[in-house]
Structure formats: structure tokens, C-alpha cells
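S.K.: structure here, sequence nowhere to be found:
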Ligand SMILES: O=C(O)CCC(=O)C(=O)O
Ligand SMILES: [Fe+2]
């Protein structure tokens, strides 16, 4: 079973939509991951976002760290903050559309770029919604917009763009951490843009494999909310970035767009006639009736709010 790669260029054509929906959904049932090609986000805009991210991450740490992530999930999180030990930097752009430039604690670098980032988020969201329509079609739900309607872009602030930089270092940090601990995403659909390979995915046969990184393709994966909601018909798959897959002296840049349902959405598994086993994820059980907001808060807490270990001397970053 090879890693799914699906051409979605005809996703808007009524004649082709169902066939594409079935392929995408099958990949999500088996793998919970797929690569898509032929999407409508222009490569030049993706490249521009990567360039902005690179310029920002190259600023001195003392400067970036003065603008930490806020309650709307907008802001910076430096290396060794996730779980107190993982080596990567993130710049988060959550919040409702238009929120970025109105964020008081935003690093000055981003004020001028806010419109571009908002426009990029909007394009990502449109693609997420198309994926959600595919799932409803392939699952033969009475309303093809069932999932999509819970993901109106203006309705909730759970949609986030996360720019990521895994820095190259002179030596491996002795924190006992990784680059990104294994986890499943909390929301519905994640779009991952990769400049370099390095992500490992738990394959259907239980081996960790390196996710392909192919030019102009987007890696798509699903989160726990959608998986639970679909009665596990759709899969949320574990993934991670280790120092074996991405050695300390190699830089890697990615961007993840997390499409999430409105935080008040109540999750009840929808598959009629199918009983679902216990849903266990990221270290806890998920029960029917949980809201998307509660689930997200639990997962964010388990991944990001772990107590910080005692500081250790950190090797210098190499700029490549
Ligand atoms: O950078 C990557 O390849 C993965 C990012 C990721 O899994 C996440 O941000 O949830
Ligand atoms: Fe993830």
C-alpha cells in the first residue's frame, strides 16, 4: 500500500467530484494522510509565505520571544517550549478572519504582512471546505455540506495557520526531546506545506514511514474531532518529527493550516448502526457530547502546556 497521492484538479467539476471524493475518503480511511496535487493555491503564494516565515524566524530569539502566543492562538512559540523540550519554532496565526492586524501583542514584522497572511489562510480554508464536502459525499450523508456548514470561516476562531521552523544546530540539544513529539491533530482537516521532507507518519501496517515531500503537493491529514465525529470511519493518524528523520544540523520549514469546526460544535459519532469503541487519543478518552472547543483545549494542554524541565545549555543555531 503506497502513500496516497490524489489529483484534485477537477474537484469543482460535477462530473468528477464524486470519483475524487471517493478516492480522497478511501485514503483517509486507510491512512488518515494523503498528498494532493492540482489544488488551487498558487505556488507563488505558498513560496511567499515560506519566505516571510524564514525572514521572521531568522530574527533574534530575544526579539521574537517578546511576542508570545496569545489566547486567540496568535503569536510566537520558541524552541523547547512544546512539552518543554522539542526543538522547533512556531509562529501561530489563529483567530477570526481579520484578527491578525488587530492583535496588540503581534511582532511588528507581521503588521505589514497581515493582509497577505489572512488571504493565504482564506485560500487554505476554502480547500479544507472542499475536502469536507468530499467526505460527506463519499459517506453518503443526506447533506453534502453537513461537515462544511460546521466550518464557516467567520464563525469560530479555531482555524489557525502555524508557520514552523526546525532550526539547524551545531549539535543535538540534550533536552531529551525530539523535533515534534508524536501526536494526532485535534481539529478536522490539516493542510501541511513542506519545504523539506522530515515528517514521519504511522502507516496502516504499523511502521513509521517518512511522508513524501513533492513539489506543489500539499500533505493533508485529519484530526481527532473529525475522526471521532465520523465514528472513526475517517482516521486521525499519529505523526512526528524525530532527530533520526531530521538530524540536528538540518533545517526544515513547514506550514500547517488547521481547519477546525466551530468550537461550540457538539461531537456525536454520526455513523448510524455502527457501534464505536472507546476513542482514546493524545493520552485521554474522548466521550460523545464533547465540544470541539473542549477537545481542542484538552489536546493543546496535553501537548503544549507540559511543565517545563530545568533549563539546559542550548547549542547555537546555524543559519543556512
Ligand atoms: O512540521 C510538520 O511536518 C508537522 C507539523 C504538525 O504535525 C503540526 O503542527 O501539528
Ligand atoms: Fe500535527
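M.R.: Everything's here; your move. A quick note: this is a predicted structure, and the numbers were derived from the prediction, not measured. Numbers count the residues shown, from 1 in each chain. Ligands and ions are numbered 1, 2, ... in the order given.

S.K.: what parts of the chain come near ligand 1?
M.R.: Within the chain, the positions near ligand 1 by C-beta under 6 Å from any ligand atom are 162, 164, 180, 185, 192, 199, 239, 241, 254, 256. (Glycine included, C-beta is placed from N, CA and C.)

S.K.: what about the third one, neighbour count?
M.R.: Neighbours of residue 180 under the rule other C-beta atoms under 10 Å: 24.

S.K.: what residues are up against it?
M.R.: Residues in contact with residue 180 (C-beta atoms under 8 Å, 6 or more residues apart in numbering) are 82, 86, 88, 240, 241.

S.K.: out of those, which is nearest to residue 265?
M.R.: Among those, residue 82 lies closest to residue 265 (C-beta to C-beta), at 26.0 Å.

S.K.: quick one: low-confidence parts of the chain?
M.R.: Along the chain, segments meeting pLDDT under 70 span 271-275, 303-315, 319-320.

S.K.: centre of the chain versus the lengthiest helix in it, how much separation?
M.R.: Longest helix in the chain by number of residues (criterion: DSSP state H): helix 114-138. In terms of C-alpha atoms, centre = their mean, to the nearest Å, the centre of helix 114-138 is found 13 Å from the chain centre.

S.K.: what do you get for stretch 113-120?
M.R.: Computed by C-alpha atoms, centre = their mean, the separation of stretch 113-120 from the middle of its chain amounts to 18 Å.

S.K.: re earlier: and which of the residues of the chain next to ligand 1 is nearest to residue 10?
M.R.: Distance to residue 10, by C-beta to C-beta, is smallest for residue 192 among the residues of the chain next to ligand 1, at 22.6 Å.

S.K.: among the contacts of residue 180, which ones are in strands?
M.R.: Those of the contacts of residue 180 mapping onto strands are 240, 241, per DSSP state E.

S.K.: what's the closest non-adjacent residue to residue 299?
M.R.: Distance criterion C-beta to C-beta, 6 or more residues apart in numbering; nearest residue to residue 299, sequence neighbours excluded, is residue 186 at 3.8 Å.

S.K.: touching, that neighbour and residue 301? I think so.
M.R.: No. Checked against C-beta atoms under 8 Å, the pair residue 186 and residue 301 is beyond contact range at 10.5 Å.

S.K.: these two: who's more crowded?
M.R.: residue 186 (25 against 12).

S.K.: contacts only, for the more buried one.
M.R.: Neighbouring residues of residue 186 by C-beta under 8 Å, 6+ apart: 223, 224, 225, 258, 260, 282, 295, 296, 298, 299, 300.

S.K.: the closest residue to ligand 1 within the stretch 101-250 of the chain - how many residues pack around it?
M.R.: Going by C-beta to the nearest ligand atom, ligand 1 is nearest to residue 199 of the stretch 101-250 of the chain, at 3.6 Å. Counted by other C-beta under 10 Å, the residues lying close to residue 199 total 25.

S.K.: any idea how far it is from residue 265?
M.R.: Taking C-beta to C-beta, to the nearest Å as the measure, residue 199 falls 28 Å from residue 265.

S.K.: likewise residue 5?
M.R.: From residue 5 to residue 265 the distance is 31 Å (C-beta to C-beta).

S.K.: likewise for residue 120?
M.R.: From residue 120 to residue 265 the distance is 24 Å (C-beta to C-beta).

S.K.: wait, isn't residue 209 in contact with residue 1?
M.R.: No. Using C-beta under 8 Å, residue 209 is not in contact with residue 1; the gap is 10.4 Å.

S.K.: ok, the two, which is more surrounded?
M.R.: Neighbour totals were compared for residue 209 and residue 1, and residue 209 leads with 17 against 8 (other C-beta under 10 Å).

S.K.: so what touches stretch 192-212?
M.R.: Here stretch 192-212 makes contact (C-beta under 8 Å, 6+ apart) with 1, 3, 5, 30-31, 33, 35, 46, 49-50, 166, 179, 182, 213, 218-221, 237-242, 245-246, 250-257.

S.K.: let me see the ranges of the helices in this structure.
M.R.: Here the chain has its helices, by DSSP H, at 17-30, 43-57, 61-64, 108-111, 114-138, 224-229, 292-304.

S.K.: now the angle between helix 43-57 and the fifth one, please.
M.R.: Angular relation of helix 114-138 and helix 43-57 on a 0 to 180 degree scale: 130 degrees, by axes from the mean of the first three to the mean of the last three C-alpha atoms, to 10 degrees.

S.K.: then the first one?
M.R.: In terms of direction (the same axes, to 10 degrees), helix 17-30 departs from helix 43-57 by 40 degrees.

S.K.: for helix 17-30, buried residues please.
M.R.: The neighbour-count check on helix 17-30 (16 or more other C-beta atoms under 10 Å) flags 17, 20, 21, 23, 24, 25, 27, 28, 29 as buried.
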